[in-house]
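> 3D, please:
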Amino acid sequence: MKALIFAAGRGERMRPLSDATPKPLLEAGGKRLIEWQIDALVRAGFRELVINTAHLASQIESAIGDGARYGARIAYSHEGETAEDALETLGGIVKALPLLSSSGATPFIAVSGDIVTDYDYRRLVPHAQAIELGVADAHLVLVDNPPSHPAGDMGLAQGRINLHPPLLTYGNIGVFAPRLFAGEAPVKKKLFPWLYRAAERGRVSGEHHAGRWHNVGTPGELAALDARLRTDAGSAAATS
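Below you'll find the model as predicted:
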């Protein structure tokens, strides 16, 4: 199973840092944000990765390369060279589909390139198998609502996504069936609320991850995460 890492947008709330450096290449805890995702996916056994690019695309491709030093093979889905070229999440998936599922049937993972989490991506394997069998069309990982997003996004009951309170926040981690995007064009369009149609039909499963999860949005949040990760690393080294 392959994985798509979203890295095309500017990250408006991260400006001015993201004006000169792609947000996924900003560092926290001694690693670029996107490297936390690459390392986590490779550790879980997912080594075929696709990164979509637009804003400062050449910087990302130059910094990350073909993935060999991470133990991965990385391909790029080019959407353009500027933030205005980025196709958002739904458009980005549709554009990258030929790179993600050569058979047109194998599910794929899609994750943001600017989150840091201790979620174990191996947990997605049985959900991908269920999607391949037709039990669902997508599976989403939800997290507790962060201070920056207290209202949440969607509900979860008996392993299925719904739109009823209490609402949790989409953790920017999901597995999707290529068939879900049949008929969609690679144009600028967001995944939500588009995906809610499938959820209303009972076709989207979900789970709640209560562990570490950071969606880094602002320079202040980046600095706070950097300090926390370095403290955690120091504590781990002291006890080893």
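
> any low-confidence regions in this protein?
The chain contains residues with pLDDT under 70 at 235-240.

> quick check: closest non-adjacent residue to R47.
In this structure, R47 finds its nearest non-sequential neighbour in A72, 4.6 Å apart by CB to CB, 6 or more residues apart in numbering. To be clear about C-beta, it is placed using only N, CA and C from the backbone, and glycine gets the same treatment.

> surely V216 touches A28?
Yes - proximity of V216 to A28 meets the contact threshold set by CB atoms under 8 Å, at 6.7 Å.

> where do the contact lists of those two overlap?
With contacts defined as CB atoms under 8 Å, 6 or more residues apart in numbering, the residues shared by V216 and A28 are 116, 222, 225.

> which residues in the protein form strands?
3-6, 27-28, 31-32, 48-53, 73-78, 108-112, 115-117, 138-143, 155-157, 160-162, 169-176, 204-209, 213-215 (DSSP state E).

> what's around the closest residue to L99 other than its chain neighbours, how many residues?
In space, and not counting its chain neighbours, L99 is closest to V50: 4.7 Å by CB to CB, 6+ apart. Residues contacting V50 under the criterion other CB atoms under 10 Å number 22.

> D66 too?
By other CB under 10 Å, neighbour count at D66 equals 12.

> now G104
Neighbourhood size, G104 [other CB under 10 Å]: 12.

> quick one, what contacts the nearest residue in space to it that is not next to it in sequence?
Leaving aside its sequence neighbours, G104 sits nearest to P178 (CB to CB, 6+ apart; 5.4 Å). By CB under 8 Å, 6+ apart, the contact list for P178 reads 97, 100-101, 104-108.

> run the last query once more with 7 Å
97, 101, 104-105 (CB atoms under 7 Å, 6 or more residues apart in numbering).

> which ChimeraX command selects the buried ones in those residues?
Of the contacts of P178, the buried ones can be selected in ChimeraX as follows, counting by 16 or more other CB atoms under 10 Å:
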select :97,101
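
> distance to G171 added to the contacts of P178, as a markdown table?
A markdown table is the format used below for those (distance: CB to CB, whole Å):
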| residue | distance to G171 |
| --- | --- |
| L97 | 22 |
| S101 | 22 |
| G104 | 27 |
| A105 | 25 |
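
> T21: which of the contacts of P178 is nearest?
When those are compared for distance to T21 (CB to CB), L97 wins out at 28.4 Å.

> could you list the alpha-carbon positions for stretch 130-146 in PDB?
Extracted in PDB, the C-alpha atoms of stretch 130-146 (Å, rounded to 0.1, in the frame of the first residue of the first chain):
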ATOM      1  CA  ALA A 130     -11.800  -4.000   4.700                       C
ATOM      2  CA  ILE A 131     -11.900  -1.200   2.200                       C
ATOM      3  CA  GLU A 132     -10.500  -3.500  -0.500                       C
ATOM      4  CA  LEU A 133     -13.300  -6.000   0.300                       C
ATOM      5  CA  GLY A 134     -15.900  -3.300  -0.100                       C
ATOM      6  CA  VAL A 135     -16.900  -2.900   3.500                       C
ATOM      7  CA  ALA A 136     -16.200   0.800   3.400                       C
ATOM      8  CA  ASP A 137     -14.800   3.400   1.000                       C
ATOM      9  CA  ALA A 138     -12.600   5.300   3.400                       C
ATOM     10  CA  HIS A 139     -11.200   5.100   7.000                       C
ATOM     11  CA  LEU A 140     -10.400   8.300   9.000                       C
ATOM     12  CA  VAL A 141      -8.300   8.800  12.200                       C
ATOM     13  CA  LEU A 142      -9.900  11.300  14.600                       C
ATOM     14  CA  VAL A 143      -8.200  13.000  17.500                       C
ATOM     15  CA  ASP A 144      -9.200  15.100  20.500                       C
ATOM     16  CA  ASN A 145     -10.100  18.700  19.500                       C
ATOM     17  CA  PRO A 146      -7.000  20.900  19.800                       C
END
